[in-house]
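> Structure, please.
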Amino acid sequence: MLALITGASSGIGYELAKVFAEEKYDLIIAAEDAGIVEARQAFEQLGVKVEAVQVDLSKREGVEELFSRVGGRTLDAVALNAGIGSGGEFASTDLEKELRLVDLNCRSVVHLAKRVVTGMVERGSGRILITSSIASTMPGPFNAVYNASKAFDQSFAQALRNELKDTGVTVTALMPGATDTRFFKRANMTDTKVGGGPKDDAAMVARKGFEAMMKGKDHVVTGAKNKVQAAAAKVIPETVKAAIHRKEAEPGSADK
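Presented below is the predicted three-dimensional model:
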């Protein structure tokens, strides 16, 4: 069995790849940083074959390079997990960083999904996990572009799942909340209430995501607090959800 996992050098992606390795899947793992090489060495200790690809998936050529490494082999499972955040006031945040966020969180997901789905449909089997977020359920003041990108991922995952319902291919959306990874530091959000607050364990999130994918579920929300939040989001007005999110993500809110 062979699985492809993106964003696998750290965080949820690393833990997803570890779960796949523990379940005896051979791996193709990808990330933009050199940590992907160390990840490969760790996963090889679990007795599986691992190919590490250091590549920037925010670029079209990066996605094509990664998919070329599949080389005609059968992909049994794909975890489209690579993504980044961006915090701050939209009027003053860096445009290029936010456009790169859209390219990685949205464009690369569509691009790589297009490449892998074709073969899975032809074969009549395959499992796809797309890392969305609890952020997909609400407008995100001070995370405006990030939350919108995750709403895109969530909608795309559910639409694709429905299209593929009679093909033998399943699509599952993973919806974690705040998780103990490098996300908040990289997104410049360590001074926010959510950035400084309690977080879920990345290994737990990955295991729940893997199990939901293997069961063919449409989505999985990880963490009790996040499940309550996801349920409430179905009935709370968008304006109220935006106000709640503002209190959590506003720069300097960690001290309030």
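
> could you say which helix or strand contains the closest residue to residue 102 other than its chain neighbours?
Excluding its sequence neighbours, the residue lying closest to residue 102 (CB to CB, 6 or more residues apart in numbering) is residue 149, at 6.0 Å. (Glycine included, C-beta is placed from N, CA and C.) Assessed by DSSP states H and E, residue 149 sits inside helix 144-163.

> and what of residue 226?
Per DSSP H and E: helix 224-233 holds residue 226.

> Show me what counts as buried in the next helix or strand after that helix.
Beyond helix 224-233 in the direction of the C-terminus, DSSP H and E gives the next helix or strand as helix 238-249. In terms of neighbour count (16 or more other CB atoms under 10 Å), helix 238-249 has its buried residues at 241-242, 244-245, 248-249.

> Out of these, which two sit at the greatest distance?
By the measure CB to CB, 241 and 249 form the most distant pair in the buried residues of helix 238-249, at 12.0 Å.

> who touches stretch 98-114?
6, 57-60, 62-63, 66-67, 78, 80, 82-86, 128, 130, 145-146, 149-150, 152-153, 156, 160 (CB atoms under 8 Å, 6 or more residues apart in numbering).

> Quick one: mean pLDDT over it.
The predicted model assigns stretch 98-114 a mean pLDDT of 98.

> Determine how far the last residue of it lies from the first.
By CA to CA, to the nearest Å, the extent of stretch 98-114 from end to end equals 23 Å.

> Distance from the chain centre to the helix or strand of the chain with the lowest mean pLDDT, please.
Lowest by mean pLDDT, DSSP states H and E among the helices and strands of the chain is helix 224-233, with a mean of 82. With CA atoms, centre = their mean, to the nearest Å as the basis, helix 224-233 stands 19 Å off its chain's centre.

> Please apply the same query to stretch 23-39.
15 Å.

> what's the straight distance from one end of it to the other?
Stretch 23-39: ends 16 Å apart by CA to CA.

> try stretch 120-139
Terminal residues of stretch 120-139 lie 34 Å apart, using CA to CA.
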